[in-house]
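**Q** here is a sequence with its predicted model. Questions after.
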Amino acid sequence: MNNICIILILIFSSALYAKDIKPLNKNLFAKGTGFKIPIELRNGTANQTDVEEWTKHLRGIEPVIQKDFNANGVPDLLAEIVHARGATGNRSFMLFVHTGLGYKYLQCISNIGNYMTYDESGKSYLLTYSNAGGSEVYVSLCQLTESKLIQVGKPLVLLTGDGGTKEGNRLYNRLFYRIIPENKLIKIFKQ
């Protein structure tokens, strides 16, 4: 996870909660001050309009991205923090998962490279990545629940691209472009 996501997570975890949905202001991040997470987004009862309103100053003109990360038939939402885009192509997002009652804010995450749900266990996973510059790519596996993201094992550092290694490119392609059985996927990150 890149440094901006770590800073944002610390801000979110220490924030107070508000009753009304008020848009976030991009200047809050520059000043390093906290902001209030509306109760609807904290308890999982917000609707998509609430998410869009609260994140509009961070997204700029970018729309909220809809993807069904946990295969429950309802799209989850990503709001890109456009002011945190990096020169290496890294992007940061606020992740909102649908709880059955509405949307809940989980946390800030970096680029999502792949996501999968396994029928047998019913568990959903996100593969996130962060470009470190040059050929280094940090890859993390997180289990997605309705209440949080749980990191599985340790992040990997892969050497990819033209300046990378054969093994780094092979594993990157396997993780992001193939379906891997759940037990093998977990084993990769727990080695």
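**A** On my side now, so go ahead.

**Q** and the residue nearest to L41 when sequence neighbours are not counted, helix, strand or coil?
**A** Nearest residue to L41, sequence neighbours excluded (C-beta to C-beta, 6 or more residues apart in numbering): Y105, at 4.3 Å. C-beta: built from backbone N, CA, C; applies to glycine. The local conformation at Y105, judged by DSSP: H, G, I helix; E, B strand; the rest coil, is strand.

**Q** got it, and G164?
**A** Assigned by three-state DSSP, the conformation of G164 is coil.

**Q** wait, doesn't the residue nearest to L41 sit right on E40?
**A** No - using C-beta atoms under 8 Å as the test, Y105 is too far from E40 to be in contact (9.4 Å).

**Q** so what sits against both of the two?
**A** Residues touching both Y105 and E40 (C-beta atoms under 8 Å, 6 or more residues apart in numbering) are A46.

**Q** domains of this protein?
**A** 1-109, 111-191 (automatic domain parsing).

**Q** save those domains as CSV, and put in mean pLDDT and mean neighbour count too.
**A** Output for these, formatted as CSV (pLDDT from 0 to 100; neighbours: other C-beta atoms under 10 Å):
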stretch, mean pLDDT, mean neighbour count
domain 1-109, 75, 16
domain 111-191, 93, 15
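
**Q** how close does the residue nearest the centre of the chain get to I81?
**A** Ranked by distance to the mean C-alpha position of the chain (C-alpha atoms, centre = their mean), the top residue is I109 at 3.0 Å. I109 is 10 Å from I81, where distance means C-beta to C-beta, to the nearest Å.

**Q** anything in contact with each of those two?
**A** Any residue near both I109 and I81 by C-beta under 8 Å, 6+ apart counts here, and that gives 92-93.

**Q** contacting residues around T160?
**A** 135, 137, 168-169, 172 are the contacts of T160 under C-beta under 8 Å, 6+ apart.

**Q** measure the nearest residue to R91 once chain neighbours are set aside to A71 for me?
**A** Nearest residue to R91, sequence neighbours excluded (C-beta to C-beta, 6+ apart): N111, at 5.4 Å. Here N111 is placed at a distance of 20 Å from A71 (C-beta to C-beta).

**Q** just G113 next, same as before
**A** On the measure of C-beta to C-beta, G113 and A71 end up 17 Å apart.

**Q** same question for L159.
**A** Computed as C-beta to C-beta, the L159 to A71 distance reads 32 Å.

**Q** of the contacts of T160, closest to S121?
**A** For those, the closest approach to S121 (C-beta to C-beta) belongs to Y172, at 24.5 Å.

**Q** tell me the secondary structure of that closest one, please.
**A** helix.

**Q** can you check E120 too?
**A** coil.
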